[in-house]
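# Curious how this folds, go ahead:
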Amino acid sequence: MIKDNYLYTSIYSKIDEFIPNRESVYIYGHSPEGRSYIAEDLIARHAPSVKFIEIKETEHDTVLDTVSKREFFLRDSLNMMSFFSQYKASSLYIDSSGLNNRICASLLNNAIKNATTLNLTDIKVIYAEPETYKIIQFSTEGIFNDLSERIEGIEPLPGFASIIPYDEKETYFVALLGFEGGRFNYILENIQPSKGTVFPVIGVPGFRAEYPFIAYWGNRRPLDDNDIWCNIKYAAANSIVDVYTLLSKIIKSSPSGRLKIAPIGTKPHAIGAILFAIKNPSKVELIYDNPKRVKRRTEGVGKIIECSVFKLLIEK
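Predicted coordinates:
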């Protein structure tokens, strides 16, 4: 699957190598992670030929556009259309490095669905890998002290509420795993998928060589207790394309032709799941547990990933 990655993805060893298109719009946000500040380097080198828009989360599912000084509601499609309409450009970048999955989901969903109206011909996602995670070798799988402080509960991502009825026994559940087995346990307990329908996905290769082993270790209890280790699949941890292609293959084998997907692993895997749900709105339900993140989970900036997601959706 990873063989298709080059068709849609460019990888840069440092931010200086990445050059955004002139006259494009670049949306970004900051988090406690240092890698979310790559936009500052880009602004110093490419403004004003690129319009940089910083957004900040002000309350649940509400963001502030720091350029227009207006607030927008992520779950209101007309409101989000108003956000995009402020900025005229054919090329759009969404830097997911400092944005949570709820914000990314709304931005991608509304930009892609309204691309024609907005005259968008190119939509790309940017992601800065961490150089390293601040984690210890997991000794207890049910805790969240390493990466997440708590789980706020299962709630649909903005724009992805699904009310389509279907047979649970004929619908596959795909869990895109990270290091936290506690999150996987929580979702399994809440949705209680039928035996034999669970397909965990681990990022192989990982951002670093040892990370897949840490993912196995952190999730070993739910994998073993639910006897689902034999269903494990693999997709490159930093590849939106690889996980999107894997989901395309899994859904073809689902008896109902439908999937439930829990994007609880890497950001590129979450983006791939969001794109897959956009492409297959009547066949995919996204299950998200909304973790409250611990500050400063990572150190440094690794590779910079640029993925042409609009091209990916059109062609695949």
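# Which residue comes closest to Ser253 once chain neighbours are left out?
Tyr172 (7.5 Å; Cβ to Cβ, 6 or more residues apart in numbering). All C-beta spots, glycine's among them, are computed from the backbone N, C-alpha and C.
# how deep is the residue lying closest to Thr298 once chain neighbours are set aside tucked in, by neighbour count?
Nearest-residue entry for Thr298: Pro130, 3.5 Å, with adjacent residues in sequence omitted and distances by Cβ to Cβ, 6+ apart. By other Cβ atoms under 10 Å, 21 other residues sit near Pro130.
# Please identify the buried residues of whichever strand or helix holds Pro130?
Using DSSP states H and E, Pro130 sits in strand 122-133. For strand 122-133, the neighbour count (16 or more other Cβ atoms under 10 Å) marks 122-130, 133 as buried.
# Packing partners of it?
strand 91-95, helix 101-113, helix 267-279, strand 298-308, helix 309-315 (3 or more Cβ pairs under 8 Å, 6 or more residues apart in numbering; DSSP states H and E).
# most neighbours per residue, which of these?
Mean neighbour count (mean count of other Cβ atoms under 10 Å) peaks for helix 267-279 among those, with a mean of 26.
# Show me what that helix is packed against.
By 3+ Cβ pairs under 8 Å, 6+ apart, helix 267-279 packs against helix 101-113, strand 122-133, strand 172-176, helix 240-253, strand 259-263, strand 284-286, strand 298-308, helix 309-315.
# Contacts for the first one next, please.
Yep, that's helix 101-113 we're talking about. Here helix 101-113 makes contact (Cβ atoms under 8 Å, 6 or more residues apart in numbering) with 27, 29, 55, 57, 61, 63, 74-75, 77, 80-81, 83-84, 92, 94, 96, 99, 118, 120, 123, 125, 157-160, 263, 267, 270-271, 274-275, 278, 286, 288, 290, 309-310, 313.
# Now do it against strand 91-95, angle only.
170 degrees (axes from the mean of the first three to the mean of the last three Cα atoms, to 10 degrees).
# now the third one
Strand 172-176 runs at 70 degrees relative to strand 91-95, counting by the same axes, to 10 degrees.
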